[in-house]
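Colleague: How does the following fold in three dimensions:
(one chain, ligands or ions: 1)
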Amino acid sequence: MIKAITGTKDILPVDISKWHYLENLLRETFQLFNYKEIRTPIFEETALFARGIGEETDIVSKEMYTFKDRSETSITLRPENTAGVVRSFIEQSLGAQQSLNKLYYIGAMFRQERPQAGRLRQFHQFGAEALGSTSPLLDSEMIQIAYHILKNLGLKNLVVKINSLGIPEVRENYKNVLRDYLKDKKDNLSEESRKRFDTNILRIFDSKIEVDQQIMKDAPLLIDYLDEQSKNDFNVVKNYLTKVGIPFEVDPALVRGLDYYTKTTFEIVSGSVGSQSALCGGGRYDLLVEELGGKATPGVGFAAGMERILLACENEKSLNLPQDSIDAYLIRVDSKTEQNLELDLKLELELINLSSKLRQGNISCDYDYLNRSIKAQMREANKFNAKYVVFVGGDEFNRGELNIKNLSNGEQQLIKIEDFEKLKSIIKS
Ligand code: AMP
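Modeller: Numbering: from 1, shown residues only. You can find the predicted model right below:
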């Protein structure tokens, strides 16, 4: 038997209402903040991610799904969507049409990571990118949007962490300070961190390994070396969050190890999902558009993992979704028989007539296609949480009537078949 690829998941009908709920909330929220949806392709040229995310990142160096297509072009399934959005922004000259583009996306991403709870190989992210302004109000707005969504899902166990990486010159200068500090401790670092010492020294702060953490505990912090502008912007972010009532922690070890990341970075973590605790992460990337070949344009954004967020909701039992239901289930009273073809046809036509008229009247309904007994049809009606059942058949049908039953209180009434308006108004009431 062919199975799904490791690390991918079917989202089944029993779970879909959570996804719909989340997606509706996302669209409503982005509308509130005046962000427009953008949909970019699921695959792009590999070079886009190599440049847009950075060769030395885990994503590019070991997690991408990359393959050659039949024309020998190197293609990669998108591991995130910032690079794709920025590519589109440049290619479609969005900046020329609108000086500030506030964009959002929802979609599947692909990374060949070791699967575990909250970590998949095909997963879904939503995110936003604001391109065209250096204002720290936008950095703050990103955090506010993400927080608004998580709060509206009923999540409680949240921590907002923020940091500033300053401007590149300051960061380069700071890297030397950090290199100086680590020089004579380097041999005690883990192998991974020793590598990062040469390739991406800031990322040593990300290490979860005890020896590294011990050494990094006393390391000089970038936040103490910030330039005036970055300091001011960071203060704006802090004031904004305070003003709108979002609690936060400054986490000087929150680094994004890419050279074109600038100033604000943030993460929202949940205490309800185990080791993979980051629900979303983002920050400012004033140099990315230029890095990808566009006219220098400042940007800021975030991305959030939808499976992880839904896992947090499940663990906190924070979602109280109404059960799926349909308005009516039509029950065929007389089963099909060879003996009574005429009645069969009449009943069938009535079921077709009723169901299509109900649906046109915006009333959801269904009926049996398997020639099941009345009892079995009733079980179906209950399984679908039908509000009403309508019995079609029997003596009532011969008299030109239908029996309609309210399943929540058991009340039944007879109505004339031709009095469709009455049937509709009962079901709608
Ligand atoms: P990143 O693009 O790595 O900053 O990730 C942003 C968010 O996407 C994370 O905070 C997670 O919620 C989610 N995420 C990242 N990688 C995965 C994965 N492999 N499986 C599920 N969710 C993920």
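Colleague: rest of the way, CA atoms for contacts and neighbours
Modeller: Noted.
Colleague: what's the helix or strand that contains residue 52 in contact with?
Modeller: For residue 52, the host element (DSSP states H and E) is helix 46-53. Contacts to helix 46-53, defined as Cα atoms under 8 Å, 6 or more residues apart in numbering, come from residues 59-60, 66, 74-76, 78, 83-84, 87, 258, 288, 291-292.
Colleague: ok, of those residues, which one's closest to residue 328?
Modeller: Within the contacts of helix 46-53, the smallest distance to residue 328 is 43.2 Å, found for residue 78 (Cα to Cα).
Colleague: pretty sure that closest one is touching residue 110, no?
Modeller: Yes - in this structure, residue 78 is within contact of residue 110 by Cα atoms under 8 Å, at 6.0 Å.
Colleague: tell me, what's touching the two both at once?
Modeller: What both residue 78 and residue 110 touch, as defined by Cα under 8 Å, 6+ apart, is the set residue 64.
Colleague: got the residues of the stretch 101-250 of the chain near the ligand?
Modeller: Residues of the stretch 101-250 of the chain lying close to the ligand (Cα under 6 Å from any ligand atom) are 111, 113, 118, 119, 120, 121, 123, 125.
Colleague: and after the host helix or strand of the last one, which helix or strand comes next?
Modeller: Here residue 125, judged by DSSP H and E, is contained in strand 122-131. Moving toward the C-terminus from strand 122-131, the first helix or strand encountered (DSSP H and E) is helix 136-152.
Colleague: and that next one, average pLDDT?
Modeller: Summarised as a single mean, pLDDT over helix 136-152 is 98.
Colleague: so what does it touch, helix or strand wise?
Modeller: On a contact count with 3 or more Cα pairs under 8 Å, 6 or more residues apart in numbering; DSSP states H and E, helix 136-152 meets helix 13-32, helix 228-243, strand 262-270, strand 278-284, strand 299-305.
Colleague: same for the strand holding residue 125, what does it pack against?
Modeller: Helices and strands touching strand 122-131, by 3+ Cα pairs under 8 Å, 6+ apart, are strand 101-110, strand 299-305, helix 306-316.
Colleague: got a list of contacts for the helix or strand that the longest one is followed by?
Modeller: It stands for helix 306-316. On the C-terminal side of helix 306-316, the nearest following helix or strand under DSSP H and E is strand 328-332. Residues from elsewhere that reach strand 328-332, judged by Cα under 8 Å, 6+ apart: 347, 351, 355, 363-368, 374, 377-378, 381, 386-393, 427.
Colleague: now the least confident helix or strand in the chain by mean pLDDT, how far from the centre of its chain.
Modeller: Least confident helix or strand, the chain: helix 58 with a mean of 84, by mean pLDDT, DSSP states H and E. With Cα atoms, centre = their mean, to the nearest Å as the basis, helix 58 stands 22 Å off its chain's centre.
Colleague: same check, this time on stretch 222-229
Modeller: Its chain's average C-alpha position is 33 Å from that of stretch 222-229, according to Cα atoms, centre = their mean.
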